[in-house]
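**Student:** next input, structure requested:
(one chain, ligands or ions: 1)
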Amino acid sequence: MEYTHLFGPVCSRRLGRSLGIDLVPFKTCTFDCIYCECGATTHKTIQREEFFPVSEPEVELIRFLSGEPDLDFITFSGSGEPTLSLSIGEIIRLLKRDYPAYRVAVLTNGSLLHMPDVRADLLPADVVLPTLSSTFPKTFNRIHRPAGGLIPAQIIEGLSRFRQEFDGEIWLEVFIIPGLNTTPDELDGLRDAIGRIRPDRIQLNTLDRPGTEEWVRPADTDELGRIAKVLGLPGTESIESVRYAPGASIPTGDMGAYILAMLKRRPCTLEDITAVTGLRRTEISKYLRQFEEMRILDTKKEDRGVFYRVRDQPVDTSE
Ligand code: SF4
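**Tutor:** Residues are numbered from 1 along each chain as shown. Coordinates of the predicted model:
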């Protein structure tokens, strides 16, 4: 069976062995972040929709989970902002009702949590991972380039309300962009907002692979440590570079198609692919050479190595 809405399992830095569910078409988001690994947003909107019949991801999940895979999380993420999907609540409820052994996570930019129906949809999840990178509209707009009408005060209010209603864990991502949200004023604003949101964890993240804009640079470990110290909030941690457990995720079937699907979603190094697939480097190199000969890959040298990415085109989510 070809999967259109499921991807992975992948070894995620934050969530371990994670099966992804993608409920929005590429690339549909409320933001167009300068650091987005998926590429530029082509459909920027705040309008929630049922982009696909809810039965499509449900059938795929039932099929995949019938094999009782070993997973740390089933995670809503993928080609944009998952809370834009009107199906998300129903699918989370199905998972918690029929597959209670699996923990459910939602990776969201948090921009729609001021809407009561979005908060209600996420209530049965186990972990929600929203993002907050600035409380200042000017910086916020520069980083996230949001759809019209989204402002940080509204997002902070939505997150605070969600905290009051939600029994699960909130792991708040603060995406650090040196020179943009690292000034004393920015960090003071974040500290105050985080105090209102009261997340269980605060995860400082930074660019780990090529983002949308060339000029965005990552924060180094020292800088992240300094920021954690300035924030001075318990539960703050840095998300270090990817450390996949070797061979932890062993996909089956057409490995070339699997690798291509990975590279369509986000840029990866040879080491990333090795760790996720468990294949030998020489074997992966063979696939990468083939894709390069077909002229479907771009490469980019970064601090962490050479990243491979499928040339700009809509994501084909079949694996
Ligand atoms: S990083 Fe997340 S919120 Fe930002 S544009 Fe990409 S998918 Fe949307």
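**Student:** for whatever residue of the stretch 201-319 of the chain ends up closest to the ligand, give me its contacts.
**Tutor:** When scored by C-beta to the nearest ligand atom, the stretch 201-319 of the chain has residue 212 as its residue closest to the ligand, at 7.7 Å. Heads up, the C-betas are built off the backbone N, CA and C, glycines and all. Listed by C-beta atoms under 8 Å, 6 or more residues apart in numbering, the contact set of residue 212 reads 32, 33, 34, 35, 36, 39, 40.
**Student:** quick check on it: phi, psi?
**Tutor:** phi -70, psi -40 (degrees, to the nearest 10).
**Student:** skipping its backbone neighbours, what lies nearest it in space?
**Tutor:** residue 36 (4.9 Å; C-beta to C-beta, 6 or more residues apart in numbering).
**Student:** and for residue 38?
**Tutor:** residue 27 (5.6 Å).
**Student:** count the residues that sit near the one you found.
**Tutor:** As a burial measure, residue 27 scores 20 neighbours (other C-beta atoms under 10 Å).
**Student:** what does residue 182 give?
**Tutor:** 16.
**Student:** same check on the one 10 residues further on?
**Tutor:** By other C-beta under 10 Å, 12 other residues sit near residue 192.
**Student:** please see if stretch 44-51 touches the ligand.
**Tutor:** No: applying C-beta under 6 Å from any ligand atom, one finds that stretch 44-51 is not in contact with the ligand, the shortest distance being 8.7 Å.
**Student:** quick one: average confidence on that stretch?
**Tutor:** Across stretch 44-51, pLDDT averages out at 97.
**Student:** could you do stretch 309-319 as well?
**Tutor:** Stretch 309-319 comes out at a mean pLDDT of 55.
**Student:** start to end distance for stretch 86-105?
**Tutor:** Start and end residues of stretch 86-105 are separated by 17 Å (C-alpha to C-alpha, to the nearest Å).
**Student:** show residues contacting that stretch.
**Tutor:** For stretch 86-105, the surrounding residues in contact (C-beta under 8 Å, 6+ apart) are 15, 18, 21, 23, 48-52, 54, 57-58, 61-62, 65, 71-76, 82, 106, 117, 120-122, 124-129.
**Student:** same question for stretch 133-152.
**Tutor:** Contacts for stretch 133-152 (C-beta under 8 Å, 6+ apart): 30-35, 41, 44-46, 109, 111, 132, 153, 156, 174-177, 180-181, 185-186, 189-190, 192-193.
**Student:** so which of the residues you listed are in helices?
**Tutor:** 153, 156, 185, 186, 189, 190, 192, 193 (DSSP state H).
**Student:** count of neighbours near the fifth one?
**Tutor:** By that I understand residue 189. Neighbours around residue 189, by other C-beta under 10 Å: 20.
**Student:** just the last one next, same as before
**Tutor:** The burial metric for residue 193, expressed as a neighbour count using other C-beta under 10 Å, is 21.
**Student:** thinking again about what came up before, buried members of the contacts of stretch 86-105 into PyMOL, please.
**Tutor:** Entered in PyMOL, the line below selects the buried ones among the contacts of stretch 86-105, by 16 or more other C-beta atoms under 10 Å:
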select buried, resi 15+18+21+23+48+51+52+54+57+58+61+65+71+72+73+74+75+76+82+106+121+122+124+125+126+127+128+129
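**Student:** contact partners for the closest residue to the ligand within the stretch 51-200 of the chain?
**Tutor:** Proximity of the stretch 51-200 of the chain to the ligand (C-beta to the nearest ligand atom) peaks at residue 109, 3.6 Å away. Shown in contact with residue 109 (C-beta under 8 Å, 6+ apart): 29, 30, 31, 33, 81, 130, 131, 144.
**Student:** show me what contacts residue 167?
**Tutor:** residue 123.
**Student:** and residue 202, by the same measure?
**Tutor:** Residue 202 neighbours (C-beta under 8 Å, 6+ apart): 171, 172, 174, 194, 231, 233, 235, 236, 237.
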